[in-house]
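[1] kindly generate the corresponding structure for this input.
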Amino acid sequence: MVQVEPLKHVLKPPGAKRPKLKCDILLSTYAFNFNLRRYNVNRELVPAVAAAMQEGYTAGYEEKGTGSHRRRTAIIEAHVVGRCMLNR
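    Got it, this is the predicted structure:
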């Protein structure tokens, strides 16, 4: 039979060794720039989607009468699928 020594765990208190940042900019500055880029992408995306959907919205708006909600929904869904706006 082989005799094995028990493992001794050495626990260090939290914050004993603080990691240093590898970059010079503040984290808040980085977060601000990231949010600004995301905001700019959204500003460009919304008009493009609105322009692509205009034809479908117009066709759906022309539907009136009983059952028009179902027909409008079908028209807009067909427009989205037909334009391959949703590939997933």
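
[2] what mean pLDDT does the helix or strand where residue 46 lies have?
    In the assignment (DSSP states H and E), residue 46 maps to helix 27-61. Averaged across helix 27-61, the pLDDT comes to 79.

[3] now do it: which elements does it pack against?
    When contacts are defined as 3 or more CB pairs under 8 Å, 6 or more residues apart in numbering; DSSP states H and E, helix 27-61 packs onto helix 68-82. C-beta: built from backbone N, CA, C; applies to glycine.

[4] tell me the buried residues in the helix it packs on?
    Residues of helix 68-82 classed as buried: 71, 72, 75, 76, 79 (neighbour count, 16 or more other CB atoms under 10 Å).

[5] distance check, the residue nearest to residue 60 when sequence neighbours are not counted against residue 48.
    Leaving aside its sequence neighbours, residue 60 sits nearest to residue 72 (CB to CB, 6 or more residues apart in numbering; 4.0 Å). Distance, residue 72 to residue 48, by CB to CB, to the nearest Å: 22 Å.

[6] do residue 54 as well
    Look at residue 54 and residue 48: by CB to CB, they are 11 Å apart.

[7] report pLDDT for residue 68.
    90.
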